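>>> Just a sequence and a predicted model for now, questions to come.
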Amino acid sequence: GNYACNTSNIAGYEYKNVIINLLTVSAKIKRGPKRDQMVSKGSVVTLHCEAEGYPRPRVLWKMNGTEIMDSDKYKVNVKTGALSIMHVDMTDEGSYECLAKNHGKDQAKGNLI
């Protein structure tokens with residue numbers, strides 16, 4: 001944008017014009033979850049979601065279309081976007097979707113089997 005500032009007093013008048021360009025890059029997932037990932041009951045599994053963009057994208061996860069919230073069962077690493085699932089059992093089987101959002105968005109999907 002173009003910004004202008006002017007000021008005056010008894011000593012005189014001053015005017016400055018400044019042009020500011022903001023760089024933005026739409027969210028893009030560099031590395032998403034594996035298409036199909038097999039896990040053992042009772043183990044901890046980590047699904048990846050490395051996103052890039054500016055401003056830094058916010059990452060959220062869905063399982064079978066329902067948003068996953070941080071809990072004792074699910075942990076989302078805010079720096080890497082990775083989802084860790086604790087003490088995996090049969091109820092964790094399904095489709096996992098990683099969404100990265102800033103002014104743009106990208107998504108990647110994988111299955112836990």
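Yep, that arrived. Quick caveat, the model's predicted, so the values are computed rather than measured. Numbers count the residues shown, from 1 in each chain.
>>> roughly how far apart are the closest residue to Tyr74 other than its chain neighbours and Trp61?
Nearest non-adjacent residue to Tyr74, counting by Cβ to Cβ, 6 or more residues apart in numbering: Ile68, 5.0 Å away. For the C-beta atoms, the positions are set from N, CA and C on the backbone; glycine is no exception. Note on Ile68: its distance to Trp61, by Cβ to Cβ, to the nearest Å, is 4 Å.
>>> Could you do Ile10 as well?
In terms of Cβ to Cβ, Ile10 sits 62 Å off from Trp61.
>>> Distance-wise, check the most centrally placed residue in the chain relative to Lys109.
Nearest residue to the geometric centre of the chain (Cα atoms, centre = their mean): Val59, 2.4 Å. Per Cβ to Cβ, Val59 is found 14 Å from Lys109.
>>> any residues in contact with both of those two?
Common contact partners of Val59 and Lys109 (Cβ atoms under 8 Å, 6 or more residues apart in numbering): Cys98.
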